[in-house]
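Participant: Test case, fold it:
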Amino acid sequence: MELSSHAVAAIESEHLGNAFQKLLVAIDFSKSSSAALAYAENLARLYGSEVLLAHVVSIVNASSPDIGAVYTAPEIGQAMAEDLEQLASQLRQEGIQSRAILAEGPVAEEVERIVQKEKPDLLLAGTHGAHGLERLILGSVAESILRTVSCPVLTVGPGCDDIPRKSLALRTILYASVVRHPSESALRYAASLARTTHAQIDLVHVVEEIPEMPGRELDMEMQSQTDMLVDALKGSGIQVQVHHVYGEPVEAMIRQSIRNRADLIVLGVERSRKLASLLPAGIAYRLICSAQCPVVTLKKDGLEHRG
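Facilitator: Now for the predicted structure:
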């Protein structure tokens, strides 16, 4: 990844007032979407955010796998719309500005349509990962969301502990970089988020056991990313810890996140349907299903953190 002076300047000049003005939560009334909603409530209380609750009536068959937070059977009807509005009403009673949004169609496309219209700072969703951690289900709803939606996506996976509804502390943000699949936008986002929340950044370079890069090129790439992050956080007083770990990317990231007690993982994913470069969405989804904390994913050309 070539780290330009323009990119560094963009970080340093970012306005970091309200980190999350508008949150979009994908809802299907499952346990996994309830966890995502709980996380959104915490953020809303901290930042005075507006919370949009979106439910997509999917045209996919009811046996479709993966992300529970945006999938539903087609016979939702008026009762489901009323339930969605009731959730929004409950948030308003707690002093959180909220609206309900109901849509119908292919899930990823409809979620992206809502994103384009509402311009949220973050989409929050939950997934149960019921089909196992090793099976990559290409074309699944979950991976389609990661590839398609243009705003940052925070996913609460099945390995996350129960999220308390009254408190949220981001002490350690882990930025995960598979060295041959770097993401400048995800690095910018992690730096911006750390400045907003005053969290420590753990910069984790994952080197696969047989790296494709020559040793010198590999070292230069890791140092380039480290320098960019340090420059972005200059004068903030925020600590940066740099770690080099080796092995299969998902396993290495999980080990490091547990060791460092990460509260959030940030990484980039490839937007292309070919899943050929950057961090493939299938690998990102495996990480989400295994992680013990929420994971924020950004596309290579995705929106930056606008806090």
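Participant: Give the other helices and strands that the host helix or strand of Glu112 contacts.
Facilitator: Using DSSP states H and E, Glu112 falls within helix 107-118. When contacts are defined as 3 or more Cβ pairs under 8 Å, 6 or more residues apart in numbering; DSSP states H and E, helix 107-118 packs onto strand 22-26, strand 50-57, strand 98-104, helix 141-148. Yep, even glycine has a C-beta here, placed from its N, CA and C like the rest.
Participant: and if we set it to 6 Å?
Facilitator: strand 50-57, helix 141-148 (3 or more Cβ pairs under 6 Å, 6 or more residues apart in numbering; DSSP states H and E).
Participant: Partner strands of the first one, with direction?
Facilitator: Paired strands of strand 50-57, with direction, are strand 22-26 (parallel), strand 98-104 (parallel) (DSSP bridges).
Participant: between these, which one is nearest to Leu170?
Facilitator: When these are compared by Cβ to Cβ, strand 22-26 sits nearest Leu170, at 15.0 Å.
Participant: what's the closest one in contact with?
Facilitator: 36-37, 40, 49-54, 69-70, 120-125 (Cβ atoms under 6 Å, 6 or more residues apart in numbering).
Participant: What subset of those residues is buried?
Facilitator: With burial judged by 16 or more other Cβ atoms under 10 Å, the buried subset of the contacts of strand 22-26 is 36-37, 40, 49-54, 69-70, 120-125.
Participant: Outline the domain layout of this structure.
Facilitator: 5-16+164-299, 22-156 (automatic domain parsing).
Participant: can you tell me the average pLDDT over the first one?
Facilitator: Think domain 5-16+164-299. Mean per-residue pLDDT for domain 5-16+164-299: 76.
Participant: What of the last one?
Facilitator: Domain 22-156 comes out with an average pLDDT of 80.
Participant: First-to-last residue distance for that domain?
Facilitator: 18 Å (Cα to Cα, to the nearest Å).
Participant: so what secondary structure elements neighbour the helix or strand where Leu298 lies?
Facilitator: Per DSSP H and E, Leu298 falls inside strand 295-299. Under the contact definition 3+ Cβ pairs under 6 Å, 6+ apart, strand 295-299 sits against strand 153-156, helix 184-197, strand 264-269.
Participant: quick one: it to strand 264-269, angle?
Facilitator: Using axes from the mean of the first three to the mean of the last three Cα atoms, to 10 degrees, one finds that strand 295-299 and strand 264-269 are set 20 degrees apart in direction.
Participant: now strand 295-299 against helix 184-197, angle please.
Facilitator: 140 degrees.
Participant: I appreciate the help and will end here.
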